[in-house]
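Trainee: sequence and predicted structure below; questions after.
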Amino acid sequence: MASVPFDPSPLTRDGLELLRRRALRSKAWFRLDRVERAIVDLTIKAVDKVRSSALARMILGIADKLRRWMRPSLKEAALSAGRPLAEKLACVAEAWGNREAKEWLKDTGFILYLGISWLNTPKALRCPT
């Protein structure tokens with residue numbers, strides 16, 4: 001079974017570095033104003049973990065902005081597309097007598113497989129979910 005994606009808190013150095021890297025790749029970083037970029041950069045350089053409530057509020061606000069602007073990763077998109085498909089398949093399989101079908105909902109690899117298959121299907125051939 002595959003592991004669930006690790007999403008560290010933006011209130012740690014590692015979490016901020018990851019967020020900044022993803023924002024740079026998706027070009028969302030440059031939609032922030034200079035002050036917000038400077039706040040994130042200085043926080044990465046100065047602290048291991050944010051302890052100030054005022055700084056934490058600012059960082060969380062900036063992180064929310066960036067997450068809204070960034071496209072989801074392939075893994076996130078596949079998980080969100082595959083989960084409803086896995087639920088439907090598990091329901092049908094359980095109705096047909098498969099007692100272990102509910103376990104499919106915990107299998108991240110199966111959910112990713114369904115999601116990636118769905119994402120790779122041409123839109124003209126997709127059935128509505």
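Mentor: Now that the structure is in, tell me what you want to look at.
Trainee: pretty sure residue 81 is in a helix, no?
Mentor: Yes: judged by DSSP: H, G, I helix; E, B strand; the rest coil, residue 81 forms part of a helix.
Trainee: residue 65: neighbour count?
Mentor: When neighbours are counted by other CB atoms under 10 Å, residue 65 registers 15. Heads up, the C-betas are built off the backbone N, CA and C, glycines and all.
Trainee: give the other helices and strands that the host helix or strand of it contacts.
Mentor: Taking DSSP states H and E as the definition, residue 65 sits inside helix 53-69. With contacts taken as 3 or more CB pairs under 8 Å, 6 or more residues apart in numbering; DSSP states H and E, helix 53-69 sits against helix 13-25, helix 34-46.
Trainee: how about these in CSV, adding distance to residue 108?
Mentor: Output for those, formatted as CSV (distance: least, CB to CB, whole Å):
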stretch, distance to residue 108
helix 13-25, 20
helix 34-46, 30
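Trainee: deepest-packed of those, please.
Mentor: Greatest average neighbour count among those goes to helix 13-25 (a mean of 17), per mean count of other CB atoms under 10 Å.
Trainee: from the contact counts, what lies against that one?
Mentor: Right, helix 13-25 is packed against helix 34-46, helix 53-69 by 3+ CB pairs under 8 Å, 6+ apart.
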